[in-house]
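Participant: Got a sequence here, can you model it:
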Amino acid sequence: MSVFDASSTSRRAPESSLPISRRRLLLGSAGAMASVSLLGLSPLARSEEPKTLPDYVRWKNANDVIVHSANTIETERGAIGSGVVTNSDKLYVRNNLPAPNADVVADRNAWKITLEGVNSPQTLTLGELKKMGVETVTAVLQCSGNGRAYFEHGPGGTQWGTGAAGCLVWTGVPLRDVVARLGGVKPDMNYITSTGGETLPAGLDPKTIMVERSVPVRALDQALLAWQMNDEPVPLAHGGPLRMVIPGYFGVNNVKYVERVAFTEGQSDAKIQASGYRIRPIGEKGAPGQPSMWEMPVKSWVTAPLTTASKGRNLIYGVAFGGINAVNQVEVSADGGETWKSARFLGPDMGRYAWRPFVVAMDLSAGDHRIVSRATDTEGNTQPPTRTENERGYGNASWKDHGVTVTVS
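Facilitator: Presented below is the predicted three-dimensional model:
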């Protein structure tokens with residue numbers, strides 16, 4: 001099944017890229033959209049005061065990110081540039097729970113993970129995993145709610161624009177290699193269920209708050225237990241010392257601080273799986289029968305220019321990826337989708353799950369131009385013009401929503 005994370009915000013996508021009705025909603029109903037939770041999420045505000053980074057991500061470049069809350073930090077749309085790999089210091093942050101104490105990365109090789117649902121279940125250390133095999137894959141990491149800011153019904157949660165996504169180089173041991181060493185998967189196991197090692201708040205039912213996600217067992221082909229990100233140990237903010245990485249799947253399935261991987265007959269009954277991260281009609285509650293946020297669809301957006309440009313020849317840049325498939329081509333329009341021009345890819349092809357920066361030269365006349373892009377994957381799936389309306393504002397791949405209005409003079 002191919003379908004298309006959540007908190008409050010202090011800054012949003014540029015208003016020029018939002019539909020008029022949505023802009024009015026954001027400007028006029030900030031109080032209604034504010035949310036506060038036990039996870040330390042801040043109320044909605046329009047402050048443009050200097051950014052303050054939380055201590056655990058103090059190493060990030062404050063000029064390249066939007067700080068929504070302690071657990072939600074977005075990459076500025078114009079900060080991606082034309083490179084394939086997203087620098088760690090500008091990568092978005094989305095944590096469903098506060099990161100564990102830094103003690104967990106003091107001795108990374110001592111981190112333990114339990115493997116279940118295999119013929120020889122075991123608990124292994126990260127040091128032992130490193131002796132079982134190694135593989136590197138470049139893959140897009142994208143929050144399920146990326147593009148939520150463009151939904152007109154005002155879904156609750158962080159109002160991500162385009163910046164809850166990045167392209168990373170992951171290194172670790174393929175889960176399939178570990179499973180093979182443990183005698184293979186037991187019969188009739190349909191899902192890979194990963195459990196995160198965050199410290200759970202006291203006094204609550206663990207199932208209501210824990211991070212535990214199930215994905216179809218077909219993901220075993222690409223699943224990776226990763227200990228490096230961009231050739232460095234995975235930072236604590238991004239799931240170190242060990243993270244489940246499932247290329248082609250939305251970020252919530254890439255469980256941080258992974259301490260248990262179980263092959264299971266059914267999906268987890270944790271709230272985050274049973275009713276959370278589901279594509280559901282507006283006004284309805286989440287339920288197990290609704291589509292889950294698993295495989296990502298094809299998507300693209302422009303990264304420059306974003307607001308102004310000079311009359312004449314302009315180079316228009318952006319990024320595109322195919323989700324579960326490789327991206328095949330990108331087209332760009334400077335008149336809101338009336339006419340299209342093929343773009344060319346920049347830089348090396350880093351594989352099926354990586355994004356491809358693109359560029360196209362266009363002559364722009366004076367006035368306002370609505371610049372949009374649409375991508376097509378290798379299976380012939382083309383980025384849709386409109387979003388799939390849903391309660392939580394998940395899976396927005398609409399090329400109309402992700403356009404920008406550029407004033408040319």
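Participant: where does the nearest residue to residue 269 once chain neighbours are set aside land in three-state SS?
Facilitator: Nearest residue to residue 269, sequence neighbours excluded (CB to CB, 6 or more residues apart in numbering): residue 207, at 6.3 Å. From N, CA and C alone the C-beta is placed, and that goes for glycine too. Classification of residue 207 using DSSP: H, G, I helix; E, B strand; the rest coil returns helix.
Participant: likewise residue 169?
Facilitator: Three-state call for residue 169 (three-state DSSP): strand.
Participant: what about it, how many neighbours?
Facilitator: For residue 169, the count of nearby residues is 19 (other CB atoms under 10 Å).
Participant: ok, now the one 5 residues further on?
Facilitator: When neighbours are counted by other CB under 10 Å, residue 174 registers 19.
Participant: for the one 4 residues further on, same thing?
Facilitator: Neighbour count for residue 178, taken as other CB under 10 Å: 22.
Participant: any idea which helix or strand comes after the helix or strand harbouring it?
Facilitator: Assigned by DSSP states H and E, residue 178 falls within helix 175-181. Next in sequence after helix 175-181, counting helices and strands by DSSP H and E, comes strand 191-196.
Participant: Partner strands of that following strand, with direction?
Facilitator: Note on strand 191-196: by DSSP bridges, its sheet partners are strand 212-216 (antiparallel), strand 258-264 (antiparallel).
Participant: And the contacts of the last one?
Facilitator: Right, strand 258-264. 111-118, 175, 179, 185-186, 189-197, 214, 217, 225, 239, 242-244 (CB atoms under 8 Å, 6 or more residues apart in numbering).
Participant: Make a ChimeraX selection of the buried ones in these.
Facilitator: Buried subset of the contacts of strand 258-264, written as a ChimeraX selection, criterion 16 or more other CB atoms under 10 Å:
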select :111,113,115,116,117,118,175,179,185,189,191,192,193,194,195,196,197,214,217,225,239,242,243,244
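Participant: Strands along the stretch 51-200 of the chain, start to end?
Facilitator: 65-69, 72-75, 93-94, 112-116, 122-125, 135-142, 165-174, 191-196 (DSSP state E, counting those that start in this stretch).
Participant: What helices and strands are in contact with the second one?
Facilitator: Of the remaining helices and strands, those touching strand 72-75 by 3 or more CB pairs under 8 Å, 6 or more residues apart in numbering; DSSP states H and E are strand 65-69, strand 93-94.
Participant: these two touch, right, residue 125 and residue 111?
Facilitator: Yes. Here residue 125 reaches residue 111: they are 6.6 Å apart, a contact under CB atoms under 8 Å.
Participant: center of this structure - which residue?
Facilitator: Nearest to the geometric centre of the chain sits residue 142, at 1.5 Å (CA atoms, centre = their mean).
Participant: List the beta-bridge partners for it.
Facilitator: Bridge pairing for residue 142 - DSSP bridges - gives residue 165.
Participant: Quick one: residues contacting it.
Facilitator: 164, 165, 166, 250, 251, 296, 299.
Participant: do residue 113 as well
Facilitator: Listed by CB under 8 Å, 6+ apart, the contact set of residue 113 reads 123, 124, 125, 126, 129, 225, 242, 258, 259, 260, 261.
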